[in-house]
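with the input below, show me the fold.
(one chain, ligands or ions: 1)
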Amino acid sequence: MTTPITIAAVVGSLRAESFSRATFRAATRLCPDIEWIEADISDVPLYNQDVEDAGDAVAALKETVEVANALVFFTPEYNRSIPAVTKNAVDWLSRPYGRATISGRTVGIVATVPGGHLGEGVRRHLTDSVSALTDGVFDPSIAINSVTHRMHDGEITDEEALTDLGTWLTDFAEYVRDRDS
Ligand SMILES: Cc1cc2nc3c(=O)[nH]c(=O)nc-3n(C[C@H](O)[C@H](O)[C@H](O)COP(=O)(O)O)c2cc1C
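Below is the predicted model:
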């Protein structure tokens, strides 16, 4: 048995039936030695530099990321790039300047897309953005593509997708442990 770790998850979609959230739920079932805590962004306001102390939702987001061993973004791709809600979370976690919550953190990126492509736009742009804030971005990121064909009753059931995600999570957890040791 490997050392248990805690991973904070940002789900970068507010949609009730979100595919990225289905991927997050699948991830929580795959590795018994990973404990997940959601870094909830549903009540996080749009970033405004005039109000850096923006209340409970932002404080909770930051605290969840701080107490975990690592952070994983489960995100869709919008217009071949980062959805605003995902980027908004990055922007809050990038502050305050010089003491960013995300600074030095270990970060993984999981894209979920309905199409046959591999979410290259969001993976590249999110990797670039977060890499400016921490040296701990795990390479590779991963995509679950053609997601609607890999789901049944709202859950990801496709064996190939679950195996790929499980392998990626195992590798990511090893990277987290290496960086923590
Ligand atoms: C504004 C907008 C832009 C989108 N752009 C892309 C895109 O570039 N690539 C892609 O794979 N899907 C794109 N989609 C489709 C999303 O993948 C789809 O809406 C998906 O359900 C969003 O993820 P979610 O289910 O986690 O909310 C876009 C959707 C919207 C609303």
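
how about stretch 167-181: buried residues?
168, 169, 172, 173, 175, 176, 177 (16 or more other C-beta atoms under 10 Å). The way it works is simple: take the backbone N, C-alpha and C, and place the C-beta from them, glycine included.

mind checking pLDDT for the fourth one?
This means residue 173. Looking at residue 173, its pLDDT is 97.

that one: what's it in contact with?
2, 5, 7, 31, 33, 34 (C-beta atoms under 8 Å, 6 or more residues apart in numbering).

okay but the first one is in contact with residue 178, surely?
No. Taking contacts as C-beta atoms under 8 Å, residue 2 lies outside contact range of residue 178: 11.6 Å.

might you enumerate the residues of this structure proximal to the ligand?
Residues of the chain lying close to the ligand by C-beta under 6 Å from any ligand atom are 13, 15, 18-20, 76-80, 112-115.

just the buried ones among those, please.
Applying 16+ other C-beta under 10 Å to these flags 13, 18, 19, 20, 76, 77, 78, 112, 113 as buried.

narrow those to those in helices?
Residues of these located in helices (DSSP state H): 19, 20.

can I get the buried ones among the residues of the chain next to the ligand in TSV including pLDDT?
Formatted as TSV, those follow (pLDDT from 0 to 100):
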residue	pLDDT
13	98
18	98
19	98
20	98
76	98
77	98
78	98
112	98
113	98
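
would you mind giving the buried ones among the residues of the chain next to the ligand as CSV with distance to residue 65 added?
Listed next are those as CSV, based on distance: C-beta to C-beta, whole Å:
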residue, distance to residue 65
13, 18
18, 20
19, 23
20, 18
76, 20
77, 22
78, 22
112, 21
113, 25
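
spatially nearest residue to residue 56, not counting backbone neighbours?
Nearest residue to residue 56, sequence neighbours excluded (C-beta to C-beta, 6 or more residues apart in numbering): residue 43, at 7.9 Å.

do residue 44 as well
residue 57 (4.8 Å).

which helix or strand contains the one you found?
Residue 57 belongs to helix 56-67 when assigned by DSSP states H and E.

what does that helix rub up against?
Against helix 56-67 from outside (C-beta under 8 Å, 6+ apart): 6, 8, 10, 37-45, 71, 89, 92-93, 101-102, 105.

in this structure, which residue is most central in space?
residue 73 (1.0 Å; C-alpha atoms, centre = their mean).

do you know how far residue 139 is from residue 63?
Applying C-beta to C-beta, to the nearest Å, the value for residue 139 to residue 63 is 27 Å.
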